[in-house]
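S.K.: Predicted model follows, preceded by the sequence.
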Amino acid sequence: MSLKIYNTLSGKKEEFVPINPGKVNMYVCGPTVYDTSHIGHARSVVVFDVVYRWLQHLDYEVTYVRNFTDVDDKIIKKSNQTGESCTAITEKYIDEFHKEMDALNVLRPTVAPKATEHIDHIIRFIEMLIDKGKAYHVEGGDVYFSIKSFKDYGKLSHRNPDDMQAGARIAVDEKKKSPLDFTLWKPAKPGEPYWESPWGNGRPGWHIECSAMSYEYLGEGFDIHGGGKDLIFPHHENEIAQSEACFGTEFVKYWVHNGFVDINNEKMSKSLGNFTMIKEVLDKYSPEVIRLFLLSKQYRSPIDYSEDSMREVSQSLDRIYAFLERVEDAGLATGTDSKGELWDAFTQAMNDDFNSAKAQAAVFEAVKKGNKLLDDTNGKPDAAGQSLLAGIHADIRTISGILGIFMMSPKDYFSAKKEKGMADQDIDPAQIDALIQERATARTEKNFARADEIRDQLQEMNIVLEDGPEGTVWRFE
RNA sequence: GGCGGCUUGGCCAAGGGGUAAGGCAACGGCCUGCAAAGCCGUUAUUCUCCGGUUCAAAUCCGGAAGCCGCCUCCA
């Protein structure tokens, strides 16, 4: 059972065979750090986090590079608007990005390079392209990549350069030899940040940093390159042009692109004003709920964010933890590491182009099976049943290391949920306990009218009571 | 206009030639003073539509409709 990956280049699922046995080099396009990150960034990062974890699990030695674009027109614009320096802005958002991703249980990549720390490499890369006749310098300080010098241009996005009516939507710069030629280096206007170069003071274009940095860390060609679907054209197409024109060898073996997050069935956009930021989502839902949601669809499909879908996912996570708690309370969580049926199903799903949706379903199926066994045996399964349950429990724990979900103890999970509810609603637990006590007394006296009245009163505060053998506990709805 | 994708039960969503996973919701049951929670069970003769290939199609091929994305900064 081997790993298959959908490759944008071929449009097919392909068997994964790394360039160097046992080693995987992976590069993923990170954010341009000029603003707060939204749920769409979170999806991309979480998806590739799971790819990274799964490759490591398959015993590959993975070098994972995820860059920060910290020199860009948008950053400069923001700097002009706010008066803050570009560096202050980028540092602020890099810091924020790391904090939010850490909160989402995302592993740090092997390297997280910044474009501004690699200007020398970028300049050297551009020089190589010019030397090879693949790029040209024009009066005024611009350097462009020459599309005509690279015959495979369009192979990733499956476009024919001749068909592209370039200039139809943007003004053509008449200094370019061809309208499709793109910027490698642009001169600095007064007041803009700049670096010295053979072509005068200026800054790199967007696409070149990824070619230069991936070369520095991963070499002329590497295994996996990832990013959002929107990057296929022009960004990744241009990266291929730069790197393959420069080295003459295949740049990337497998291109992996994740789909978008929609908000209530609409694309996130400035005009709709529906950008949903990671911090807002983290404020409302636990990191595990967010990850479970982001991984509930195959990564290439669009996924729709809404309060309803988050509520559903949240309920289904409760279900997993309730099962774990049940197994642990029955003393059946023996810490075995035997990999059972669940693990096989999970592995199969993950090997099928990282199908986390199918992988989640495998977990739910196992939980259902385990619950049924516990029910049928009144919580006292025979030896075979015990080992089955211990196996499911162990497999879920192993899976938690891949998906970054189900990582807490059930007790901690449920108590954290309760504490969050109290904090959100500013509720004093002592007051609740007093009411519960009063209700308990009423119930002993068979004064059910009063008991129900108290329950209704608490219900209005979104508090639900659960009467069990150990007494009454409460939680938020 | 060019390129790509999607359409599966009330909702979300797997499956991608051999007779429809899973989650949520709903309903029924166990439990309960009644509830809640939890658990169990039930819920698509059928996969947008029309043709075709095949012993066999949700799955392959052709066509139609609807929706979406990229082509411009974008995860």
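M.R.: Okay, I see it.
S.K.: A:Met128: neighbouring residues, count only.
M.R.: 17 (other C-beta atoms under 10 Å). C-beta coordinates here come from the backbone N, C-alpha and C atoms, glycine included.
S.K.: Next up, phi/psi of it, please.
M.R.: Here the main-chain torsion angles of A:Met128 (degrees, to the nearest 10) amount to phi -60, psi -40.
S.K.: again, but for A:Ala135
M.R.: Given degrees, to the nearest 10, the pair of backbone angles that A:Ala135 has is phi -140, psi 160.
S.K.: I figured it hits A:Tyr144, correct?
M.R.: Yes - contact between A:Ala135 and A:Tyr144 holds when scored by C-beta atoms under 8 Å: they sit 6.3 Å apart.
S.K.: who's more crowded, the two?
M.R.: Neighbours of A:Ala135 and A:Tyr144, each counted by other C-beta under 10 Å, are more numerous for A:Ala135; the result is 26 against 23.
S.K.: contacting residues around that one?
M.R.: Shown in contact with A:Ala135 (C-beta atoms under 8 Å, 6 or more residues apart in numbering): A:Ile126, A:Leu129, A:Val143, A:Tyr144, A:Phe145, A:Ser146, A:Ser149, A:Leu184.
S.K.: Those residues: which ones sit near RNA strand B?
M.R.: On the criterion C-beta under 7 Å from any atom of the strand, none of the entries of the contacts of A:Ala135 sits beside RNA strand B.
S.K.: out of the residues you listed, which are buried?
M.R.: Neighbour counting over the contacts of A:Ala135 (16 or more other C-beta atoms under 10 Å) leaves A:Ile126, A:Leu129, A:Val143, A:Tyr144, A:Phe145, A:Ser146, A:Ser149, A:Leu184 as the buried ones.
S.K.: I'd like a version of the residues you listed in CSV, one that adds pLDDT, distance to A:Ser296 and secondary structure as further columns.
M.R.: Below are these laid out as CSV (pLDDT from 0 to 100; distance: C-beta to C-beta, whole Å; DSSP: H, G, I helix; E, B strand; the rest coil):
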residue, pLDDT, distance to A:Ser296, secondary structure
A:Ile126, 97, 43, helix
A:Leu129, 96, 43, helix
A:Val143, 95, 45, strand
A:Tyr144, 94, 43, strand
A:Phe145, 95, 40, strand
A:Ser146, 93, 44, coil
A:Ser149, 92, 44, helix
A:Leu184, 95, 40, strand
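S.K.: and which of these is nearest A:Pro204?
M.R.: Each of the buried ones among the contacts of A:Ala135 was scored against A:Pro204 by C-beta to C-beta, and A:Leu184 proved nearest at 7.0 Å.
S.K.: ok, back up a step: find residues that contact each of A:Ala135 and A:Tyr144.
M.R.: Contact criterion C-beta under 8 Å, 6+ apart; residues bridging A:Ala135 and A:Tyr144 by contacting each: A:Leu184.
S.K.: Those residues of the stretch 101-250 of chain A touching RNA strand B, which are they?
M.R.: Within reach of RNA strand B by C-beta under 7 Å from any atom of the strand, the stretch 101-250 of chain A has these residues: A:157-160, A:163-166, A:169-170, A:206, A:227-235.
S.K.: Find the nearest non-adjacent residue to whatever residue of chain A ends up closest to RNA strand B, please.
M.R.: Evaluated by C-beta to the nearest atom of the strand, chain A has A:Gly228 as its residue closest to RNA strand B, separated by 1.8 Å. In space, not counting the residues next to it along the chain, A:Gly228 is nearest to A:Ser44; the distance is 5.3 Å by C-beta to C-beta, 6 or more residues apart in numbering.
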